[in-house]
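In: one predicted model, sequence on top.
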Amino acid sequence: MLGSEKIKSLISGMQSLPSMPALYMEMMQLLADPNVSVRQVGDLIEQDPAMTAKTLQLVNSAFFGLGRHVSSPHDAASLLGLDILKSLVLSIGIFSQYDDIRFPVKGFSIEALWRHCSRVGGLARQMAEAEGVAKQMAQDCLLAGLLHDIGKLILAVNLPAEYQQMLDAVAAEPDQADAIEQAAFGTSHGAVGAYLFGLWGLPESVVEAVAFHNHPGQQREVVFGVLSLVHVASGLVNQASQVKSLANAIDLEYLAAVGKEERLESWATLLDEADP
Ligand SMILES: [Fe+2]
């Protein structure tokens, strides 16, 4: 699906694709050294005040449930681990390449999209921890959640007139959002984001979760994983913010197929607790 000519030609015609954030690349370089210290990584992030502020805002949100105030990237790294910090730097670094003033699209807010993505990432990670999955999978849930809607950003800033038209059509028929998007662009925002992240070499489970987050049943092998948690987290957050009805936000048939339908209620409680 991601190799489809349609996505390739759509994306290759775009003027403004997000670039891999420079700070993220510097961090990757640092982390390649097995002797790197938390202090060195914290120092690197602290050189960028905007990144530091956004990182602290996020780790101090209830989704991380740290129970204490984190006041430096060093603290964030030692409490959450460098892998989590890396995911935050990557996603914040992508979003900060755009803002609503330079890229205005009526009815679309990059700031609101960031808030949505950070809630979905935080919730998906909490759900993963509640399931007792491996640490790496919980980290991938955070990253995939933070990035899942980047395709919307890419479409909106590159094709603002078409995107606006699509939003108007969706406003009239909210339950047809996915079909309207498909008709307008020949693909989904999930596929657009996943295409970019595939090129960047992000983990396969993250790319897959981004690609199919609204249509998890399209996954080649239907098994419980990062995609399952990001799909439900995004559905719960959308439902809570009344973007979608529950029936339209979460694929219950899929959830049953991965054997997790009885967990939905308890996952919804996590959202209520973090974000009342
Ligand atoms: Fe989405």
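Out: Alright, I've got the coordinates. Just so it is clear, the structure is predicted and the values come from calculations on it, not from any experiment.

In: so the residue sitting furthest away from the middle of the chain: helix, strand or coil?
Out: Distance from the C-alpha centroid of the chain, by C-alpha atoms, centre = their mean, peaks at N35 (30.1 Å). Here N35 is recorded as coil under DSSP: H, G, I helix; E, B strand; the rest coil.

In: distance between stretch 217-226 and the chain's centre?
Out: 18 Å (C-alpha atoms, centre = their mean, to the nearest Å).

In: same deal with stretch 14-21?
Out: From the chain centre to the centre of stretch 14-21 is a distance of 16 Å (C-alpha atoms, centre = their mean).

In: for stretch 237-244, same thing?
Out: Relative to its parent chain, stretch 237-244 has a centroid offset of 16 Å by C-alpha atoms, centre = their mean.

In: which residues touch that stretch?
Out: Here stretch 237-244 makes contact (C-beta atoms under 8 Å, 6 or more residues apart in numbering) with 116, 119-120, 123, 174-175, 177, 235, 245-246, 249-250, 271, 275. From N, CA and C alone the C-beta is placed, and that goes for glycine too.

In: so for stretch 26-42, what's the average pLDDT?
Out: The pLDDT scores in stretch 26-42 average 94.

In: numbering from 849 from now on, please.
Out: Okay, using 849 as the starting number, the last item reads as stretch 874-890.

In: in the helix or strand that contains E959, what's buried?
Out: Taking DSSP states H and E as the criterion, E959 maps to helix 958-978. Neighbour-count burial for helix 958-978, counted by 16 or more other C-beta atoms under 10 Å, picks out 958, 961-962, 964-976.

In: show me what the following helix or strand past that helix is packed against.
Out: Using DSSP H and E, the helix or strand that follows helix 958-978 in sequence is helix 983-995. Counting by 3 or more C-beta pairs under 8 Å, 6 or more residues apart in numbering; DSSP states H and E, the packing neighbours recorded for helix 983-995 are helix 930-943, helix 958-978, helix 1052-1060, helix 1074-1088.

In: residues near Q1013, how many?
Out: Per other C-beta atoms under 10 Å, the neighbour tally for Q1013 reads 13.

In: tell me how this protein divides into domains.
Out: Domains of the chain are assigned by automatic domain parsing as 849-865+953-1124, 867-945.

In: next, report how far the shortest one is displaced from the centre of its chain.
Out: Okay, so that is domain 867-945. Per C-alpha atoms, centre = their mean, the displacement of domain 867-945 from the mean C-alpha position of its chain is 16 Å.

In: give the contact list for the residue nearest to L933 when sequence neighbours are not counted.
Out: With sequence-adjacent residues excluded and distances taken as C-beta to C-beta, 6 or more residues apart in numbering, L933 is closest to A925, at 4.9 Å. If you count contacts by C-beta under 8 Å, 6+ apart, A925 has them with 886, 889-890, 933.

In: contacts for the lowest-mean-pLDDT helix or strand in the chain, please.
Out: Here the helix or strand of the chain ranked lowest by mean pLDDT, DSSP states H and E is helix 1094-1097, holding a mean of 78. Contacting residues not belonging to helix 1094-1097 are listed as 1023, 1082-1084, 1086-1087, 1091 [C-beta under 8 Å, 6+ apart].
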